[in-house]
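# Prediction below, plus the sequence it came from.
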Amino acid sequence: GAVVSQHPSWVICKSGTSVKIECRSLDFQATTMFWYRQFPKQSLMLMATSNEGSKATYEQGVEKDKFLINHASLTLSTLTVTSAHPEDSSFYICSARRTSGPSSYNEQFFGPGTRLTVL
Amino acid sequence: AQKITQTQPGMFVQEKEAVTLDCTYDTSDPSYGLFWYKQPSSGEMIFLIYQGSYDQQNATEGRYSLNFQKARKSANLVISASQLGDSAMYFCAMKGSASKIIFGSGTRLSIRP
């Protein structure tokens, strides 16, 4: 099956520091990856679409200078939360779209999520 | 613009009973896909079922079936013979021409023994 991993699974940091979250497609190539944020007891909100080798596309209201996304290879996208503040504490989930392989509607696979707590 | 609406924040169901989780959507895309995901307390998103907008038959996957009514723009999830392990958050989601999946607000399903 198609597996997506995230690292770290949880992180605690001090206010003002930057945190990098990695999203990897382990057994398939992903031209496109998506980053979501989920606050407690709320839904997943799409933050940005990450395309390999090009700039990410951010959803309305998401600060691109605060949430830096890099998709340097077909298997890795990173989200860096810069100058993190307590309000950035959330559950961050990535998903990866398979570039090739059996044609399937279920072509987007989700990572297990990263829980960020900013003190 | 696309929108997914789930009007049931929470539901309680007796074990072994069937349950229907409501989902309505709005989109101007002629072609789209509808998904249901389960999110247990661990946080992982578990894919349950998919319905394409041009699919003639309602999708089924084991105990899950999707009641797709295109004219009403609804895509309700039916879980038959509920089990204690079905207790979780359930999200309805849609993918349109932009190929990004957007989610509804979710329904918390609790199964009573």
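Nice, I can see it.

# May I have the residues that are in contact with residue 90?
Here I'm looking at chain A. Contacts here follow Cβ atoms under 8 Å, 6 or more residues apart in numbering or on different chains; on that basis A:Ser90 touches A:37-39, A:115-116. For glycine as for every other residue, the C-beta is placed from the backbone atoms N, C-alpha and C.

# Can you look at chain B instead?
Counted by Cβ under 8 Å, 6+ apart, B:Tyr90 has contacts B:21, B:36-39, B:48, B:77, B:106-109.

# So which of these are in strands?
B:21, B:36-39, B:48, B:77, B:107-109 (DSSP state E).

# Show me how to select, in PyMOL, the buried members of those.
Buried members of the ones in strands among the contacts of B:Tyr90, defined by 16 or more other Cβ atoms under 10 Å in any protein chain shown, are picked up in PyMOL with:
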select buried, chain B and resi 21+36+37+38+39+48+77+107+109
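
# ok, and of the ones in strands among the contacts of B:Tyr90, which contact chain A?
By Cβ under 8 Å from any Cβ of the partner chain, the members of the ones in strands among the contacts of B:Tyr90 lying near chain A are B:Tyr37.

# B:Ile101: which of the ones in strands among the contacts of B:Tyr90 is nearest?
B:Tyr37 (9.0 Å; Cβ to Cβ).

# what residues are up against that closest one?
Here B:Tyr37 is in contact with A:110, B:45-48, B:90-91, B:93, B:103 (Cβ under 8 Å, 6+ apart).

# I'd like those residues as CSV, with distance to B:Tyr64 appended.
Compiled in CSV, these are given as follows (distance: Cβ to Cβ, whole Å):
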residue, distance to B:Tyr64
A:Phe110, 18
B:Met45, 15
B:Ile46, 11
B:Phe47, 10
B:Leu48, 5
B:Tyr90, 10
B:Phe91, 13
B:Ala93, 14
B:Phe103, 17
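
# What is the most widely separated pair among those?
Those two in the contacts of B:Tyr37 that are separated most widely, counting by Cβ to Cβ, are A:Phe110 and B:Tyr90, at 14.6 Å.

# what about the closest residue to chain A within chain B, distance to A:Ala84?
As assessed by Cβ to the nearest Cβ, chain A sits closest to B:Met45 within chain B, at 4.0 Å. Remark: distance between B:Met45 and A:Ala84 (Cβ to Cβ, to the nearest Å) = 24 Å.

# Between these two, which is the more surrounded one?
B:Met45 (27 against 22; other Cβ atoms under 10 Å in any protein chain shown).

# Which residues of chain A lie near chain B?
Residues of chain A lying near chain B (Cβ under 8 Å from any Cβ): A:32, A:34, A:38, A:42-46, A:49, A:91, A:93, A:95, A:97, A:105-106, A:108, A:110, A:112-113, A:115.

# Quick one, grab the pLDDT at A:Ser90.
Note on A:Ser90: pLDDT of 96.

# scratch that, B:Lys38 is what I was asking about
Reading off the model, B:Lys38 has pLDDT 96.

# Leaving out sequence neighbours, find the closest residue to it.
What sits nearest to B:Lys38 in space, not counting adjacent residues and going by Cβ to Cβ, 6 or more residues apart in numbering or on different chains, is B:Ile46, at 4.4 Å.
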